[in-house]
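Peer 1: The amino acid sequence is not available; the structure is as follows:
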């Protein structure tokens, strides 16, 4: 499924200078992305979220990005002016954050926020924008779109809030979606329902997707390919289907330290961290 | 240990006083009444803990004992304290704050005459304070750590540390005595004063109602210096608070969402961040307006501005308890009103607080 | 060891726990699993006396619990919380956190007890005088467990102890908890939203939904997937990971 | 800044302070205080503020030594001299040396600040934590009382007090203290309401820690940082109000060299002999600026959550 190359990343570095000196969150990440679903998995501090943010140039103020190549189709993402970034963000690349409780503006209605996303890139009048917004809310399976359109973020549940988030981010019809732990704040069943909606929309609209998560099983059952990250580096790239033949000890360690429902109460195998993983090159 | 089933269900159910949406409004009014009652109680107690004997002040110290006793009886000072308090409260509720020794007119009339002057001063100062304070706060927050931030911070700190009476004197000396850019003390030039019969009591508006433009500009040139000195105070406070609220909001995730939507930085600052900052800022503005009433006492003395502050201070020097307490109650009531207003505005502005 | 019979709890007007009953034998490990809002944490909070509008019988070590908890209760029952960042006082050193219970209960020689408690959870003495912000999530959770153990309780109530931790750290903490139960003969009630964690740690499991226990199952039953109630089946299928086909069959239980 | 302080210490002390495996609670606490000091020391403005505050204390203690003349000795022959060799800041309308009066005036400013802080801060902290911790009717009663005193602007209440009890520094301080504690009660209550719900309080309760133990040992430390910041910032406000009272002739009575009164006395000669009012005015300004700078610096160190 990778006919045309959408995104190409070579040797991406993201560093921050904090009170306690400079720290490197991402230390040389490279990958290509076609019209497919790429999973990026890692524990906290692995740099997975920072990789996603760097692609959209949203690294924090005290951070700096360095890459040999950061190409989205014909656009070089490395040194875009703020005006050029505004043409890319939302319209061509978009992002879904983790918790709607924080990522929606609390004093603006859901409808206004969706319309704002649409009218930023499509010059239409308010009535047309509202019609599109309601249509979008229906496409994310919201039962009563008119009510949700008028309500405030604190009046909708977690699952509903994330559906709103997807609607808002997909309304300008971007080509690439970066989902940064989109369902970690939700209960298991709601989580799967939201991911099913994302699954259908991405497939119908033929979009590319980068799915960032700490949950290896979830990612491998949802994406085509998986990148496993550890301490800012990609330690393994593997097709989701043959995850069980993973080579790298860290990936295997992550897989079997998960508790299983096989009824035996023996101690879980513990991950022995090896300093070499931090420097070893991708085999 | 007892083994019978312990049924708490009805045993300790605590009914919530006035629960529900209506409840929160009733509770607000209820607490308002108690606070006003407290205000009256404290002023009554201050009035009664009096080294200066009000009777002597009224009859003079050479009056014969019989006259002294008669007046004391009339003033009801022999009644038990709580009865005096009851009379005190009922009088005030009917607007009877007693007579002013200074002007020998009912204190309430005096207050009605002087209060608009203070109100006008405080309002103009707040308008300047808000108009300049908010943009400065936003400007400093957006350029955190760079020179605009330090400039605004120093400007605010100096404003916060300046003794207002000294600043007033210096202002008068420089802008009035030396440069003559601005008119001197008082609300209007001396000979204009009796041209205006106060409809609203706000000089700027009364002169406009009269349609007398040069009178209006004269009033403006009188108010501009004291108002801007007071404004410097509220400006420093509003700018500092706006800055810290903005910094807090700019760190929130919905700002990142707005950037992902491709929205311009200015729109993010002025619509998204400031939209959220207005909610707590309303309380800050209300508080700073109330504080101006206090600041105006000194400013009025220096600019001989015929406001409530000057009235209270002058009557204080004449040991005129009625006037002092009347003024204190009015200012206290305004304080309480402003706090109530900011509570109500807070609920209106923040959808999360609206039931 | 723990008997709960027809436990009902109200928060103001809404009825959050409806006729919850279960028993946990000595040295047993009982699991309460359910989604947020199912009331699973409320059971623990009611046992520890934080909820005052409840009805029903709670018997701990053959003692019926009244509305208030006495000092003896705290010697028998202790609790470990979910969020490692919120369960330790940010301004107290680890030494103070661990020695305070010893002083309150006047057990004496707190130094020795603190060192022993740290060793029990696999932390050496260098951690003793640090502040919580100088420790990782996993280390903080170990200190929280040490604090719960220092009074030598009989029962540990575990409120989602590892759901805020990374998978590799979770494995270490779960192993520690299992070892402690074996070595110290403790009795556990573990609350979690993760079916796999509960199945691994507990012999006997109750699945809760909207304040009610909808089904009881043993770890073996869970392993084989023999569940009767539709809600537990849905929970079981959801725990298996993302499968587009089965999701349309999900029902909203509200 | 930090290099100099470390040379002052014995070489062993610095590693002792900065080691990440402290051996005692005392060492841990000193280490944390040292970290806070380093952060504060980086903020040059805060250091200036600290310098001013310390010099205020020094001037108060060493007033007799520092002042060249007796602040009260009037000498009409040397009336209103402009600043000259003998009298660096000139003399006032009674020929008294303005420099000496400013130096002696420092003690009144310090006294106001110290007395008010010693009374208002603890009262506010106690009322706020108790109201926030127990909630229910205790909370509403205490909060109504707080609202009543919040309803009084400091200066207006001071005027009413002085009217009742007569002018004087003590009454001024009493009035300011009475209206200074409510904001602290509100801050402490807000902080307590959030802290009360956290797990570490729940855990302490579960270990049998009594209510007083919880309030004093667990909740108060969490309120201290935001309170210290607010108190330091308020000190500037208190100085200005006390000076305002002095200006109105209601604070310290003549001939005591209180700065506010000195500004007021110099008012009549404003046009030609501007320095008579200006010198004490600048003194008030510098001292309150000092407290403001220090307060701002403390806020960055102690209460990063509070905005910048």
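Peer 2: All right, it came through fine. The structure displayed is predicted, hence computed values, not measured ones.
Peer 1: Helix, strand, or coil at residue 45?
Peer 2: In the absence of a named chain, this looks at chain A. Three-state call for residue A:45 (DSSP: H, G, I helix; E, B strand; the rest coil): coil.
Peer 1: That one contacts residue A:214, correct?
Peer 2: No: Residue A:45 is beyond contact range of residue A:214, at 10.6 Å (criterion: C-beta atoms under 8 Å). The way it works is simple: take the backbone N, C-alpha and C, and place the C-beta from them, glycine included.
Peer 1: Checking my notes, residue A:122 in a helix, right?
Peer 2: No: under three-state DSSP, residue A:122 sits outside any helix and is assigned coil.
Peer 1: what sits against it?
Peer 2: Applying C-beta atoms under 8 Å, 6 or more residues apart in numbering or on different chains to residue A:122 gives the contacts A:129, A:132, A:172.
Peer 1: Can you give me the distance of the residue in the stretch 251-355 of chain B that chain D sits nearest to to residue A:142?
Peer 2: Residue nearest to chain D within the stretch 251-355 of chain B (C-beta to the nearest C-beta): residue B:294, separated by 3.5 Å. Per C-beta to C-beta, to the nearest Å, residue B:294 is found 52 Å from residue A:142.
Peer 1: Have a look at these two and say which one is more surrounded.
Peer 2: residue B:294 (24 against 21; other C-beta atoms under 10 Å in any protein chain shown).
Peer 1: Just say helix, strand or coil for that one.
Peer 2: With three-state DSSP as the criterion, residue B:294 reads helix.
Peer 1: low-confidence ranges in chain D?
Peer 2: Residues of chain D that meet the criterion pLDDT under 70 lie in D:1-11, D:303-308.
Peer 1: max-length helix in it?
Peer 2: helix D:98-134 (DSSP state H).
Peer 1: Which elements pack onto it?
Peer 2: Helix D:98-134 sits against helix D:44-61, helix D:63-66, helix D:136-150, helix D:169-196, helix D:220-247, helix D:259-265, helix D:275-302, with contacts defined as 3 or more C-beta pairs under 8 Å, 6 or more residues apart in numbering or on different chains; DSSP states H and E.
Peer 1: which other residues reach the shortest one?
Peer 2: So that's helix D:63-66. Outside helix D:63-66, the residues touching it (C-beta under 8 Å, 6+ apart) are D:59, D:103-104, D:106-107.
Peer 1: Name the nearest residue to residue A:174, sequence neighbours excluded.
Peer 2: Closest residue to residue A:174 apart from its sequence neighbours, by C-beta to C-beta, 6 or more residues apart in numbering or on different chains: residue A:94 at 4.1 Å.
Peer 1: residues of whichever strand or helix holds that neighbour that come out buried?
Peer 2: In the assignment (DSSP states H and E), residue A:94 maps to strand A:93-96. Using 16 or more other C-beta atoms under 10 Å in any protein chain shown as the test for burial, strand A:93-96 gives A:93-96.
Peer 1: Three-state assignment for residue D:74, please.
Peer 2: coil.
Peer 1: roughly how far apart are it and chain A?
Peer 2: 57 Å (C-beta to the nearest C-beta, to the nearest Å).
Peer 1: check contacts around that residue.
Peer 2: D:94-96, D:255.
Peer 1: cool, and residue C:133?
Peer 2: residue C:90.
Peer 1: can you check residue D:235 too?
Peer 2: D:113, D:117, D:288, D:291, D:295.
Peer 1: cool, residue C:74 as well?
Peer 2: Contacts of residue C:74 (C-beta under 8 Å, 6+ apart): C:105, C:151, D:206-208.
Peer 1: Are we agreed that residue C:217 is in a helix?
Peer 2: No: using three-state DSSP, the secondary structure at residue C:217 is strand, not a helix.
Peer 1: Next one: the closest residue to it other than its chain neighbours relative to residue C:196, how far apart?
Peer 2: Among residues not flanking residue C:217 along the chain, residue C:205 sits closest, at 5.2 Å (C-beta to C-beta, 6+ apart). Distance, residue C:205 to residue C:196, by C-beta to C-beta: 11 Å.
Peer 1: follow-up on the earlier one: any idea which of the contacts of residue C:74 is closest to chain B?
Peer 2: residue D:208 (18.8 Å).
Peer 1: Between the contacts of residue C:74, which sits nearest chain A?
Peer 2: Distances from chain A to the contacts of residue C:74, taken by C-beta to the nearest C-beta, are shortest for residue C:151, at 26.1 Å.
Peer 1: related to what we said a few turns ago, mind checking which of the contacts of residue D:74 are in strands?
Peer 2: Using DSSP state E to define strands, no part of the contacts of residue D:74 is located there.
Peer 1: still on that earlier bit, roughly how far out does the strand holding residue A:94 sit from the chain middle?
Peer 2: In terms of C-alpha atoms, centre = their mean, to the nearest Å, the centre of strand A:93-96 is set 7 Å apart from its chain centre.
Peer 1: residues making contact with that strand?
Peer 2: So strand A:93-96 is in contact with A:52-53, A:55-56, A:58, A:72, A:162, A:165-166, A:169-170, A:172, A:174-180, A:182, A:198, B:260-261, going by C-beta under 8 Å, 6+ apart.
Peer 1: For residue C:205 and residue C:196, indicate the residue with more neighbours.
Peer 2: Ranked by neighbour count (other C-beta under 10 Å), residue C:205 and residue C:196 place residue C:205 first, with 24 against 18.
Peer 1: Show me the contact partners of the host helix or strand of the more buried one.
Peer 2: Assigned by DSSP H and E, residue C:205 belongs to strand C:204-209. The contact list for strand C:204-209 (C-beta under 8 Å, 6+ apart) reads C:20, C:22, C:24, C:28-35, C:38-40, C:198-199, C:213-219, C:222, C:227, C:229, C:231-232, C:235, C:253.
Peer 1: Give me the pLDDT value at residue A:234.
Peer 2: We have a pLDDT of 92 for residue A:234.
Peer 1: partners of it in the sheet?
Peer 2: residue A:229 (DSSP bridges).
Peer 1: Strands of chain A, start to end?
Peer 2: A:7-18, A:21-33, A:37-41, A:63-66, A:69-72, A:75-76, A:93-96, A:176-180, A:208-213, A:225-230, A:233-239.
Peer 1: Looking at those, which is nearest to residue B:234?
Peer 2: Residue B:234 lies closest to strand A:7-18 among the strands of chain A, at 36.5 Å (C-beta to C-beta).
Peer 1: which secondary structure elements does that closest one contact?
Peer 2: Secondary elements touching strand A:7-18 (3+ C-beta pairs under 8 Å, 6+ apart): strand A:21-33, helix A:48-55, strand A:63-66, strand A:69-72.
Peer 1: before we move on, back to that, what angle do the longest helix of chain D and helix D:220-247 make?
Peer 2: 140 degrees (axes from the mean of the first three to the mean of the last three C-alpha atoms, to 10 degrees).
Peer 1: Buried ones in helix D:98-134, by neighbour count?
Peer 2: So for helix D:98-134, counting by 16+ other C-beta under 10 Å, buried means D:98-113, D:115-117, D:119-121, D:123-133.
Peer 1: so that helix versus helix D:44-61, what angle?
Peer 2: Using the same axes, to 10 degrees: helix D:98-134 against helix D:44-61 is 120 degrees.
Peer 1: What residues does chain D have near chain C?
Peer 2: Within reach of chain C by C-beta under 8 Å from any C-beta of the partner chain, chain D has these residues: D:20-25, D:27-29, D:32, D:198-200, D:202-209, D:213, D:217-218, D:221-222.
Peer 1: Please consider this matter closed, and thank you.
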